[in-house]
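**Q** everything below, folded, please.
(chains A and B)
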Amino acid sequence: MARELLKGNEAIAEAAIRAGLDAYFGYPITPQTELLEYLARRMPELGRAFVQAESEVAAINMVYGAACAGKRAMTSSSGPGISLMQEGLSYIAGAELPAVVVDVMRGGPGLGNIAASQSDYFQVTRSAGHGDFRPLTLAPATIQEAIDLTGLAFDLAERYRMLVILLIDGNLGQMMEPAELPPFRQHTSPTPEWAVSGAEGRPHRIITSLYLQPEALERHNLKLQKKLAVIAEREQRFAGLYLEDADLIVVAFGSAARVAQNAVEAARAQGMAVGLFRPITLSPFPMRALERLAPRARAFLVVEMNAGQMVEDVRLAVAGRAPVRFYGRLGGVEMLPDEVLQAIEQAMRDTRVTKNGARMLDAEVQR
Amino acid sequence: MYHDLIISGSGGQGALFAGQLLAYAAMDAGLQVTWMPSYGPEMRGGTAHCTVIVSDAPIGAPLVRNPQTVIALNRPSLDKYEPLVASGGLLIYNSSLAGREPTRSDITLVAVPGNELAREAGDERVLNMVMLGAFLRLRPILSLEEVCRALERHMAKRRQDLLALNRAALQRGFSAPAVPVPL
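**A** Now for the predicted structure:
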């Protein structure tokens, strides 16, 4: 296949189509609207289902219904819309249905703004709804990776009967970059053995998240937790740059990792031993790899376009074995490589003090 | 090879398309490229702009604080981006609409009477191609031929009748006597 110049939102939409998307339900919100617009045109062309719902609440419940029927279903939104979807997301998780949700993050809280941000990290990775669960969360940093992870999202959703969230921000949704789309997958969509697709000639099936007896609900929860443990064991993904000899390890995901990469390259050019650790799965968080790096690095610097959310997962993995610093920009303000480089330089200066036994100052949001 | 630039104008002047065309040509030439549009709530009469980065190595951040080149299609763009051009960089401005001379003394300033040249090429609306042509002459990161080919390959089918006009405008800008104001 040839390289094409693709906009992030449209690339994800086409990648979903090629992965065999049967049905899309959504509601417009900047900065993800091109995803919905693209599918509004393409899905009917292919004889597949597209519905612009009356609200995000309706859209996610349509996804719930299509998933119950064994169809490959997806929706997309941005922070405020994802908030509205939380009840449905929780039902989908409780009913163990495969579904893919794309969150193109914008500035919050509240109506916030439409600029790129990473402030939905907690919302998405911690549960994206009430009750005990964690959706699988994938965070691409390039448009090629967004395409590849869209295909993976459907695979993982179906392999584990699991909610999978693709988490990007407005910058990745809006920008264009050359990338290669995969070939169309065989679109057979055999009805899974659990789907409610009409019970004629067989016993009826029940898909529910309702377990009135506490003991039954505990059993169900334990089963979900066991599945999450298997996922945590098998599906941790990350990318690394210059990690072998890094004194300071910068940790960043998605767009922020692209900015951090420039800063890390610049720091290397100045002779600083700095590396970049980029989680690709945010849930499960790549704990194992970070745990291995923790005793070797002198310090960590977490860089996010928020007030410090993933930094908590990094601290859990590092577990006090090295200082963990944070640098972030809030409210959709563009973060640029020069300011991350300054944060790196500061952390490197402070780390030299650490060798004498002094502790580095802990995280603060620097503006 | 690495070059980053911002193309800025008012909505409808074609700043975003000029950047896209450059991005298509860079991709076709086997280079890495990012095209990042402004998508914020822009005020009527304000600026619409895009950032384009072309490189032979993978590109990190798609945004820059101080671009090597700014192409300003109107007065608000000149006002907003003149101060941001990297020291030693290039500012190409549409002198038909600028309404003032730039004041920086540490960058190369190039006045292009874009609207006049576009009219000469056949239509004022191809101002964006005139300015892109002038840029390619001053910073030959891609050849005029490569950009013209990208136009043929990627311009929407229903717009193919405008191909000759756009090509003429690129050529007109490229061969304009754009005199850099000496540093």
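**Q** which parts of the stretch 1-150 of chain A sit against chain B?
**A** A:Arg3, A:Glu4, A:Leu5, A:Thr30, A:Pro31, A:Asn113, A:Ile114, A:Ala115 (C-beta under 8 Å from any C-beta of the partner chain). For glycine as for every other residue, the C-beta is placed from the backbone atoms N, C-alpha and C.
**Q** of these, which belong to strands?
**A** When the residues of the stretch 1-150 of chain A next to chain B are checked against strands (DSSP state E), the matches are A:Glu4, A:Leu5.
**Q** now the residues of the stretch 1-150 of chain A next to chain B: which count as buried?
**A** The neighbour-count test (16 or more other C-beta atoms under 10 Å in any protein chain shown) marks A:Glu4, A:Leu5, A:Thr30, A:Pro31, A:Asn113, A:Ile114, A:Ala115 as buried among the residues of the stretch 1-150 of chain A next to chain B.
**Q** pLDDT added to the residues you listed, as JSON lines?
**A** Compiled in JSON lines, those are given as follows (pLDDT from 0 to 100):
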{"residue": "A:Glu4", "pLDDT": "97"}
{"residue": "A:Leu5", "pLDDT": "98"}
{"residue": "A:Thr30", "pLDDT": "95"}
{"residue": "A:Pro31", "pLDDT": "96"}
{"residue": "A:Asn113", "pLDDT": "95"}
{"residue": "A:Ile114", "pLDDT": "95"}
{"residue": "A:Ala115", "pLDDT": "96"}
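**Q** farthest-apart pair in those, please.
**A** A:Glu4 and A:Asn113 (30.3 Å; C-beta to C-beta).
**Q** OK, contacts around the closest residue to B:Gly114 other than its chain neighbours?
**A** Excluding the flanking residues, the one nearest B:Gly114 by C-beta to C-beta, 6 or more residues apart in numbering or on different chains is B:Asn94, at 3.8 Å. If you count contacts by C-beta atoms under 8 Å, 6 or more residues apart in numbering or on different chains, B:Asn94 has them with B:Gly9, B:Ala72, B:Leu73, B:Asn74, B:Val112, B:Pro113, B:Gly114, B:Asn115, B:Leu127, B:Met131.
**Q** how about residue 80, secondary structure?
**A** Chain wasn't specified; assuming chain A. helix (DSSP: H, G, I helix; E, B strand; the rest coil).
**Q** that one against A:Asn113, yeah?
**A** No. Contact criterion C-beta atoms under 8 Å: A:Pro80 and A:Asn113 do not qualify, at 10.9 Å.
**Q** can you pull out the low-pLDDT segments for chain B?
**A** Within chain B, the ranges that satisfy pLDDT under 70 run B:42-46, B:178-183.
**Q** what does it have sitting close to chain A?
**A** Residues of chain B lying near chain A (C-beta under 8 Å from any C-beta): B:20, B:23-24, B:27, B:32-37, B:39-41, B:59-65, B:154.
**Q** let's see that with 7 Å instead.
**A** Applying C-beta under 7 Å from any C-beta of the partner chain, we find that chain B lies next to chain A at B:20, B:23-24, B:27, B:33-37, B:39-40, B:60-63, B:65.
**Q** mind listing the helices for chain B?
**A** B:15-28, B:75-81, B:95-98, B:114-121, B:127-138, B:144-154, B:163-174 (DSSP state H).
**Q** mind putting those in TSV, mean neighbour count included?
**A** Below are the helices of chain B laid out as TSV (neighbours: other C-beta atoms under 10 Å in any protein chain shown):
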stretch	mean neighbour count
helix B:15-28	24
helix B:75-81	19
helix B:95-98	20
helix B:114-121	22
helix B:127-138	26
helix B:144-154	17
helix B:163-174	21
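**Q** specify the local secondary structure of A:Val302.
**A** The assignment at A:Val302 comes out as strand when based on three-state DSSP.
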